[in-house]
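Peer 1: need a structure here:
(2 chains)
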Amino acid sequence: MIDLPTVWALILAFAVFTYVVLDGFDLGIGIVFPLLGTDDNRARAMNSVAPVWDGNETWLILGGGGLFAAFPLAYAVLMPALYAPMIAMILALVFRGVAFEYRWRDPAHRTFWDRGFHLGSLAATCAQGIVLGTIVQGIEVEGRSYSGGWWDWLSPFSVMCGLALTAGYGLLGTTWLVLKSTGDLRERAYDLARIAGVATLGFIGVVSLWMPFLSPEIAARWFTFPQIVFVLPVPTLTAGLAALLAWGLIAKRDAIPFPASIGLFGLCFAGLGIGLYPYIVPRAISIQKAAAPDASLQFMLIGAVILLPMILTYTGYSYWVFRGKVDPDAGYH
Amino acid sequence: MIETLDAVTLARVQFGFTIMFHIIFPALSIGLASYLLVLETLWLRSGKAVYLNLFRFWMKIFAVAFGMGVVSGIAMSYQFGTNWSVFSDRAGPVIGPLMAYEVLTAFFMEAGFLGVMLFGMGRVSKSLHVVATGIVAAGTLVSAFWILAVNSWMHTPAGFSINEVGQFVPEDWLAILFNPSFPFRLVHMVLAAYLTTALVVGAVGAFHLLREQTNAEARKMFSMAMWMVAIVAPLQVVAGDLHGLNTLEHQPVKVMAMEGHYESYPHGAPLFLFGVPNDADQRLENAIGIPGMASLILHHDLDHPVTGLDSVPDEDQPPVAPVFYSFRIMVGIGLLMVLMGLSGLVQRLRRRLFENRALLRAAVAMGPAGFVALVAGWVTTEVGRQPYTVYGLLLTGDSASPIDAPAVAASLTAFVVVYFIVFGFGIWYLLRMMRRGPVEAETRPSGRQHTGPHSSPMTQPLGDGHD
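Peer 2: I've put the predicted structure just below:
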């Protein structure tokens, strides 16, 4: 008999990670948007993600919908606790989402929508980082609901996470551009990726050192024997990938930096998982306690097992159709 | 206590406001996606440029509408948790999986193939492209299937038990999915989306015909739209009537509010055409009614007794006025649509379809009517099931998140400001594209030309480039 809540926790973790990587690079493009120099560069950067961005964002809906469906208690506790950053994220995503179309429809207001695209991407990223930081640091729960205040999410740690994610998405965005662009845009993307890379690695270090101080439980997991033997590969691999990323950015191997950055995100994600398991609301509600009844999880699992591979296949196909360096003249507008 | 009440009211206003904006865009994209599939198929079959021109024109409008639907939809998927956390905790095990299936079967399909549909005409074969269009169209309908199953279950819950912590636990998924009101609601809503879109397409066609009677694209789209209205509007009347009878069976109190029946009528109830509901005194003021008609419509018998709100405790009643008025707006517009379909048929028989200026002007005026009817119908059904979120089982007042009124007021203000800016511009862009029309857009594209000479519309990729 498989343990359905654990399976669903893994599926959701996969959905969230996929979201972070995929929307991470197109939000990252929004973050560096004003730094791309010419309007032509901006147009090409945007066109490199225009065919895929809303598929990318669908993973966010799966994350929210999946949490609602598989762990309704966690969803019911976390969302009110994260009220302000969640609403801010939603509204920011509205601005950056419509900019993909509006920018072409209305040249007179293009500067306005470009700014909306940039600030929307930036605000959504910060909000997501703050959400992550708030969850990691823990929230107050009483019975089956959130019992803290409306500003609990605001703390030095959560703000730090917001900045860290901004650097991280910036790295994903710029390394994506390195992969997809040519000429002046590629040169600028390299310059920006080096800055974002240094910042991201710095933040990874700071967050990693800070996390154990948030709770003795997290510290115990990282620093006691024999656990340390199992978790040690994470920092080791991180160092290896950081070196690979640095080499790719210095030696200008277009295909290296983006996958290396994804790898770094994967390791950070694994590190978070190690710190938080078996909780879904850290140190308050476990995966088991929050899980929906087996009847719900089973019904959904049938769909997920059949449909997720299909989704990955056709998502892969749609990336394949738009593979290679982005054509400066692409678009249907 | 007062503060809790206020926070719930604000949360309801916020949900109502965000979903009212949201519902407009999916309705248009359900209809337009199917229309685009028809246009592309006709183009591939006939090779006529008029279909390709129409396809490209409506695809640009679809892209904007779809984008607005996606971003306003994200707000919906998280608002259950942010503002209705108790409801989420209780109902999540039943409706959560249905929404997860919506994401897995519909949203990914739409989003995955939308890119190919919008940007892929030069990159994939024609037949693969039409398949992508077809998948997007199917996705919009599959999405409607799941979300209306969720909505219907909240109206007519079935196939569940309640566990020790008060959660609804699924017992029978088929019963949950095909709950009593679902088939009626699904048909009524999909027809509404098609009708709404047909009216928009018809209005754009008519607008351009009024300027230029020989415009081939305008003639084609107006003709197609008028066929659609003529066929679907009467079907919608039948579907609406059946849905109403289903509501009478499962939510009789809602029907009492729709009819303005504060009192019971043991010997046949009147059909009130107009009136002013007064909940405090529990009576309909200045009422104009046709005796016996409501009994005839609801029970097919002029003298059939009809029970009224006097049989329902005050605290179980919905507010009557919004339900009563919105129902009349919806039905009134529905009847105008039938009339419009008939006029179209008559003018077509007289071979004056493109020349009768009164009909063309009426079609332009009716352009937004579908949206009004849609929102009115939604108000009727959603306000009519108050005071419950899960009908008869979970009170709206008990469903909300433990969030203070000022926090909800702040978020509501932010939603209003952002939505009016973003969707205000969006609707303006849509109207501007519609005003430009298909031919003008093709011959006078904005921005620099990047692709080669536009000699053949058949071989040219969709992109006309931008700077």
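
Peer 1: Would you agree A:G316 falls within a helix?
Peer 2: Yes. Counting by DSSP: H, G, I helix; E, B strand; the rest coil, A:G316 is located in a helix.

Peer 1: Quick one: neighbours of it, just the number.
Peer 2: 11 (other CB atoms under 10 Å in any protein chain shown). From N, CA and C alone the C-beta is placed, and that goes for glycine too.

Peer 1: which residues sit in contact with A:T182?
Peer 2: Contact analysis of A:T182 by CB atoms under 8 Å, 6 or more residues apart in numbering or on different chains lists A:K325.

Peer 1: so how far is B:P277 from it?
Peer 2: Separation of A:T182 from B:P277 (CB to CB, to the nearest Å) stands at 67 Å.

Peer 1: where's the nearest residue to B:I290 once chain neighbours are set aside relative to B:Q317, distance?
Peer 2: Spatially, and ignoring its direct neighbours in sequence, B:I290 is nearest to B:L271 (4.8 Å; CB to CB, 6 or more residues apart in numbering or on different chains). Distance of B:L271 to B:Q317, computed by CB to CB: 20 Å.

Peer 1: Next: B:I333.
Peer 2: 26 Å.

Peer 1: between these two, who's got more neighbours?
Peer 2: Remark: of B:I333 and B:Q317, B:I333 carries more neighbours, 20 against 17, as counted by other CB under 10 Å.

Peer 1: contacting residues for the closest residue to the more buried one other than its chain neighbours?
Peer 2: The shortest distance from B:I333 to any non-neighbouring residue, by CB to CB, 6+ apart, is to B:A373 (4.1 Å). Applying CB under 8 Å, 6+ apart to B:A373 gives the contacts B:192, B:195-196, B:329-330, B:333-334, B:337.

Peer 1: Skip ahead from the strand or helix carrying B:A373 and say which helix or strand is next.
Peer 2: Element membership for B:A373 (DSSP states H and E) is helix B:369-384. Remark: after helix B:369-384, the chain's next helix or strand is strand B:388-390, criterion DSSP H and E.

Peer 1: Tell me the strands beside that following strand, with direction?
Peer 2: strand B:394-395 (antiparallel) (DSSP bridges).

Peer 1: Out of the contacts of B:A373, which end up buried?
Peer 2: B:192, B:195-196, B:329-330, B:333-334, B:337 (16 or more other CB atoms under 10 Å in any protein chain shown).

Peer 1: circling back: how many neighbours does the residue nearest to B:I290 have?
Peer 2: The burial count for B:L271: 18, using other CB under 10 Å.

Peer 1: ok, it touching B:L284?
Peer 2: No. Counting by CB atoms under 8 Å, B:L271 sits too far from B:L284 to count as a contact (12.0 Å).

Peer 1: for the residue nearest to B:I290, phi and psi?
Peer 2: The phi/psi pair for B:L271 (degrees, to the nearest 10) reads phi -90, psi 110.

Peer 1: quick one: contacts for it?
Peer 2: B:259, B:289-290, B:293-294, B:296-297.

Peer 1: Find the nearest non-adjacent residue to A:I31, please.
Peer 2: A:G170 (4.9 Å).

Peer 1: Same question for that neighbour, what's its three-state structure.
Peer 2: helix.

Peer 1: From A:S208, how far out is it?
Peer 2: For A:G170 relative to A:S208 (CB to CB), the value is 19 Å.

Peer 1: Tell me which of the two has more neighbours.
Peer 2: Neighbours were counted for A:G170 and for A:S208 using other CB under 10 Å; A:G170 has more, 29 against 16.

Peer 1: Leaving out sequence neighbours, find the closest residue to A:K252.
Peer 2: Nearest to A:K252 is A:Y190, by CB to CB, 6+ apart, at 6.5 Å.

Peer 1: about what we covered before: looking at the buried ones among the contacts of B:A373, which is nearest chain A?
Peer 2: Each of the buried ones among the contacts of B:A373 was scored against chain A by CB to the nearest CB, and B:T196 proved nearest at 20.6 Å.

Peer 1: Give me the packing partners of the helix or strand encompassing that closest one, helices and strands only.
Peer 2: Assigned by DSSP H and E, B:T196 belongs to helix B:182-211. Here helix B:182-211 touches helix B:2-46, helix B:126-155, helix B:216-250, helix B:357-365, helix B:369-384, helix B:405-436, going by 3 or more CB pairs under 8 Å, 6 or more residues apart in numbering or on different chains; DSSP states H and E.

Peer 1: and that helix with helix B:369-384, angle?
Peer 2: Orientation check (axes from the mean of the first three to the mean of the last three CA atoms, to 10 degrees): helix B:182-211 against helix B:369-384 gives 150 degrees.

Peer 1: ok, how many other residues are close to B:L273?
Peer 2: Count around B:L273 with other CB under 10 Å applied: 13.

Peer 1: actually B:L44, not the one I typed
Peer 2: Neighbours around B:L44, by other CB under 10 Å: 14.

Peer 1: what about it, distance to B:L36?
Peer 2: 12 Å.

Peer 1: for B:A63, same thing?
Peer 2: From B:A63 to B:L36 the distance is 10 Å (CB to CB).

Peer 1: Generate JSON lines for the helices and strands packed on helix B:182-211, with mean pLDDT as supplementary columns.
Peer 2: JSON lines is the format used below for the helices and strands packed on helix B:182-211 (pLDDT from 0 to 100):
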{"stretch": "helix B:2-46", "mean pLDDT": "86"}
{"stretch": "helix B:126-155", "mean pLDDT": "92"}
{"stretch": "helix B:216-250", "mean pLDDT": "92"}
{"stretch": "helix B:357-365", "mean pLDDT": "93"}
{"stretch": "helix B:369-384", "mean pLDDT": "92"}
{"stretch": "helix B:405-436", "mean pLDDT": "88"}
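
Peer 1: Need the winner for burial among the ones you listed.
Peer 2: helix B:369-384 (a mean of 22; mean count of other CB atoms under 10 Å in any protein chain shown).

Peer 1: angle of it against helix B:126-155?
Peer 2: Going by the same axes, to 10 degrees, helix B:369-384 makes 30 degrees with helix B:126-155.

Peer 1: what sits against the residue of the stretch 201-350 of chain B found nearest chain A?
Peer 2: With CB to the nearest CB, the shortest gap between the stretch 201-350 of chain B and chain A falls at B:V204, namely 16.4 Å. By CB under 8 Å, 6+ apart, the residues touching B:V204 are B:218, B:221, B:367, B:434, B:437.

Peer 1: List just the nearest of these to A:I11.
Peer 2: When the contacts of B:V204 are compared for distance to A:I11 (CB to CB), B:M434 wins out at 42.7 Å.

Peer 1: how much space is there between that closest one and chain A?
Peer 2: In this view, B:M434 and chain A are 12 Å apart by CB to the nearest CB, to the nearest Å.

Peer 1: Show the pLDDT at the closest residue to that residue other than its chain neighbours.
Peer 2: In space, not counting the residues next to it along the chain, B:M434 is nearest to B:V204; the distance is 4.7 Å by CB to CB, 6+ apart. In this model, B:V204 is scored at 94, pLDDT.

Peer 1: what comes up buried for the host helix or strand of A:D114?
Peer 2: Using DSSP H and E, A:D114 falls within helix A:110-137. For helix A:110-137, the neighbour count (16+ other CB under 10 Å) marks A:110, A:113-114, A:116-137 as buried.

Peer 1: I appreciate the help and will end here.
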